[in-house]
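Asks: Have a look at this prediction, sequence included:
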Amino acid sequence: MSDLKNPDQAVFFLSCLYDSNTWSEQELLSYIKESFKEKFPAYFESFTTYKNHFFPMKDYYSKEMGPDLSRLFIFSTSLNDLTSLVSLKIKCDSLERQNLKKEARTFNLDPGYISSSQMVLATGKPYSHRIYLDQGVYGELCYQYEAKSFKKLPWSYPDYGHDEIIQAFNIIREINFFKKNL
């Protein structure tokens, strides 16, 4: 028999691809912070950002959002309860819909979390390696932590396989989980 207990908390993050003709980086960050203030105040009240220009899925997203895309990762600076990942995904999808321009998204906002042992993305698309969470939201394990680093998995999006992005996630993990054990 197992002892059922709540999981450790995690760092929430948002992966954001956006049309840089519609949003400046600062405008989008302010909008996101304001949008999450009421429902998720602790998550994104204070956050760090990481900008990366490597995203092999750019062609896919450019068809909808235009060729001038930028990418940000927004990380919470506190540990949070995993059970709110579903409502966080629902909020992200709602914000995307509220900001359509001629029925096309002006940004793509994907939430996820970093725990001490894994990185998980929330998605609305079912697939064989995704676990159903609730309310149409699935969790996709993208990284597992082993040998002192996150490791991508065979199904991880190519964007998340880039060494620089893995290193950024490693740094966020270390900041939030190493200091806890000091």
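Replies: Looks like it arrived, so ask away. The structure displayed is predicted, hence computed values, not measured ones.
Asks: burial count for residue 122?
Replies: By the criterion of other CB atoms under 10 Å, residue 122 has 23 neighbours. (Each C-beta comes from the backbone N, C-alpha and C, glycine too.)
Asks: In terms of helices and strands, where is it?
Replies: strand 118-123 (DSSP states H and E).
Asks: Please name every helix or strand in contact with that strand.
Replies: Here strand 118-123 touches helix 85-98, strand 107-114, strand 137-146, going by 3 or more CB pairs under 8 Å, 6 or more residues apart in numbering; DSSP states H and E.
Asks: And the last one, how far out from the chain middle?
Replies: The reference is to strand 137-146. Centre-to-centre, strand 137-146 and its host chain are 11 Å apart (CA atoms, centre = their mean, to the nearest Å).
Asks: Just the buried residues of that strand, please?
Replies: The neighbour-count check on strand 137-146 (16 or more other CB atoms under 10 Å) flags 137-140, 142-143, 145 as buried.
Asks: got TSV for those residues, with distance to residue 37 and pLDDT too?
Replies: Listed next are the buried residues of strand 137-146 as TSV, based on distance: CB to CB, whole Å; pLDDT from 0 to 100:
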residue	distance to residue 37	pLDDT
137	22	97
138	27	97
139	25	97
140	27	96
142	27	95
143	29	96
145	31	95
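Asks: on that earlier part again, to residue 21, which of the helices and strands packed on strand 118-123 lies closest?
Replies: When these are compared by CB to CB, strand 107-114 sits nearest residue 21, at 11.7 Å.
Asks: Can you name the residues in contact with that closest one?
Replies: 10-19, 22-23, 28, 32, 61, 65, 75, 80, 82, 85, 88-89, 92, 95-96, 99, 119-123, 142, 169, 172-173, 176 (CB atoms under 8 Å, 6 or more residues apart in numbering).
Asks: Buried only: go through the residues you listed for me.
Replies: Applying 16+ other CB under 10 Å to these flags 10-19, 22-23, 28, 32, 61, 65, 75, 80, 82, 85, 88-89, 92, 95, 99, 119-123, 142, 169, 172-173, 176 as buried.
Asks: Distance of residue 15 relative to residue 25?
Replies: 14 Å (CB to CB, to the nearest Å).
Asks: quick one, longest strand in this protein?
Replies: The strand spanning the most residues in the chain, taking DSSP state E as the definition, is strand 69-80.
Asks: Parallel or antiparallel, which strands does it pair with?
Replies: Strand 69-80 pairs in its sheet with strand 10-19 (antiparallel), strand 47-51 (antiparallel), by DSSP bridges.
Asks: in that strand, what counts as buried?
Replies: Across strand 69-80, burial judged by 16+ other CB under 10 Å covers 69-76, 79-80.
Asks: rewinding a little: now the helices and strands packed on strand 118-123 in CSV, with distance to residue 128?
Replies: Shown next, in CSV, are the helices and strands packed on strand 118-123 (distance: least, CB to CB, whole Å):
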stretch, distance to residue 128
helix 85-98, 20
strand 107-114, 19
strand 137-146, 11
